[in-house]
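Participant: what's the 3D shape of this:
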Amino acid sequence: MTKLTDEQMRDFIRNGFVAVKTGLPREFHQEVWDQTEALFEEDGNPGNNLMARIPDVRKVFDDPAVDGALAGVLGDNYFMHPHRHCHYRPPHSEGQKIHRDSFTRRRHRTRWLLTMYYPQDTTVDMGPTGVVPGSHYYNQLTGPIGIKKLEGGKGEVAMAVEAGTVLIVHYDLWHRGMGNESDKKRYMMKFLFARIEEPAAPSWESDGGDWVAGDDHSHNVIWDHMWRWYSGAAKNGSPAANGNGSIPGHIADLGADAEGTRLEAAYHLASIGEAAIPALIDTLGHESEMVRRNASYALTAIGAAAVPALIDASRAECGDTRSMAVETLADTSLAGAEAVPALAQASTDASVEVRRHAADGLGIAGQRSADGVPALIDALGDPDEILRRNACLALARIGAPADAATPALARALNDENRYVRGKAAHALRRIGTTQATDALLQFLLTSQYCYSTTKDSLY
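Facilitator: Next up is the predicted model:
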């Protein structure tokens, strides 16, 4: 494994992406391109069967540079999600509008990544991926379609890359496939990865130092908090020291016109720490979802000191307050362990949104305990498929202590939703008992995919 350096991690925290090059030869990537071309001509886009149809792609993610970069951002034992897709940009085709992928998390701590593998040299005129550096912290973009800029930030960057490059991207980064103005075909293979274990120490090649701002100080207070969380420092994200400033002034700025101002206010409140908690809890019921979310960012960054007040807020009569409190508890990392009983209670809430956040939290804040497993077993029977997906991933994050969920997860292997099935399989793998492994192997043996079988070669 070739791990990321401190400087590469700082770049990821600032910009929301990092590009790494595999050590595989150019001939390998040409072969992948040829297989992709033949597959598209014969059967069209394989969708989630991309790796099953082109097994060589597995070697890209086994590459030491790619494996090390994924582990650096997501920690060891990260999860390759069953969703994957080959994005094809034909010659002289229009580009996409700038966007964030559906199912966006809108959280700053990195638990989800997009990866984009390019099997051919991709020049600017071939329609590369365009990204907006630093935009993963933002819920809005301003300016015209095409080149869009954040307040005081950078515009869109065209990621012209060599064959064999893998672009690792925060799930919430604003991006698009640019228009292909050339006579060449452009392929890009997108995969989705998730964090399994919350950070307890740096998972990259770190010298153990503090955040280094560099020349750009535009969001230093945010980046410092993120560095500390990735490093597992100070109770997984609590502020380094009490900050200064007016709590009422910062609270007012949570609703400022400029989103950059709103974000800065949130993290300045987090740096103030415990004294800011009552005002932030009150703000969770604000009529504006935007203001509530910025208060949530602050409470998440405060960490353990905010958990008792968030537990109380998770039982509020106001649905907006409950939902944001439970979502925040789910984001507090290991600092929120004492909230497991409250999250289990929230998993039965009348609001499906609250139940989804609760399942997430039981697998994040509660991942070192089996106390949330009974609630997650119940969640596997919920009619909401997103909740069932969240529950399976939560059980995977808990791992071996979730052994009691094995029968329910084995049943989930027959779920109507493909992602429930995929995450249930990974949860059984993580549990790892004989019973769990037998259920997983039986599922895999009966559902195995033969990449050699095509309409012209059935057997």
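Participant: how far away is the residue nearest the centre of the chain from Val169?
Facilitator: Centre of the chain computed as the mean C-alpha position; nearest residue by C-alpha atoms, centre = their mean is Trp112, 1.4 Å away. Distance of Trp112 to Val169, computed by C-beta to C-beta, to the nearest Å: 10 Å. Just so you know, the C-beta spots here come from the backbone N, C-alpha and C atoms, and that holds for glycine as well.
Participant: Ile281 too?
Facilitator: Counting by C-beta to C-beta, the gap from Ile281 to Val169 is 33 Å.
Participant: ok, these two, which is more surrounded?
Facilitator: Val169 (26 against 21; other C-beta atoms under 10 Å).
Participant: can you name the helix or strand that that one falls in?
Facilitator: strand 165-170 (DSSP states H and E).
Participant: need the CA coordinates for that strand. PDB is fine.
Facilitator: Extracted in PDB, the C-alpha atoms of strand 165-170 (Å, rounded to 0.1, in the frame of the first residue of the first chain):
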ATOM      1  CA  THR A 165      -5.500   7.800 -13.400                       C
ATOM      2  CA  VAL A 166      -8.000   7.400 -10.600                       C
ATOM      3  CA  LEU A 167      -9.700  10.500  -9.300                       C
ATOM      4  CA  ILE A 168     -10.900  10.200  -5.700                       C
ATOM      5  CA  VAL A 169     -13.700  12.600  -4.900                       C
ATOM      6  CA  HIS A 170     -15.700  13.600  -1.800                       C
END
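Participant: what is the neighbour count of Lys97?
Facilitator: Here the count is done by other C-beta under 10 Å, and Lys97 has 10 residues near it.
Participant: that one contacts Met178, doesn't it?
Facilitator: No - judged on C-beta atoms under 8 Å, Lys97 makes no contact with Met178 at a distance of 10.9 Å.
Participant: just the strands in this protein please.
Facilitator: For the chain, the strands defined by DSSP state E cover 17-21, 79-89, 112-118, 129-131, 157-158, 165-170, 175-177, 186-194.
Participant: and the ones you listed as JSON lines, adding mean pLDDT and distance to Glu338?
Facilitator: Output for those, formatted as JSON lines (pLDDT from 0 to 100; distance: least, C-beta to C-beta, whole Å):
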{"stretch": "strand 17-21", "mean pLDDT": "97", "distance to Glu338": "34"}
{"stretch": "strand 79-89", "mean pLDDT": "96", "distance to Glu338": "26"}
{"stretch": "strand 112-118", "mean pLDDT": "97", "distance to Glu338": "25"}
{"stretch": "strand 129-131", "mean pLDDT": "94", "distance to Glu338": "38"}
{"stretch": "strand 157-158", "mean pLDDT": "92", "distance to Glu338": "42"}
{"stretch": "strand 165-170", "mean pLDDT": "98", "distance to Glu338": "29"}
{"stretch": "strand 175-177", "mean pLDDT": "93", "distance to Glu338": "37"}
{"stretch": "strand 186-194", "mean pLDDT": "98", "distance to Glu338": "24"}
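Participant: winner for burial among the ones you listed?
Facilitator: Among these, strand 129-131 has the highest mean neighbour count (mean count of other C-beta atoms under 10 Å), at a mean of 25.
Participant: for it, packing partners?
Facilitator: Here strand 129-131 touches strand 157-158, strand 165-170, strand 175-177, going by 3 or more C-beta pairs under 8 Å, 6 or more residues apart in numbering; DSSP states H and E.
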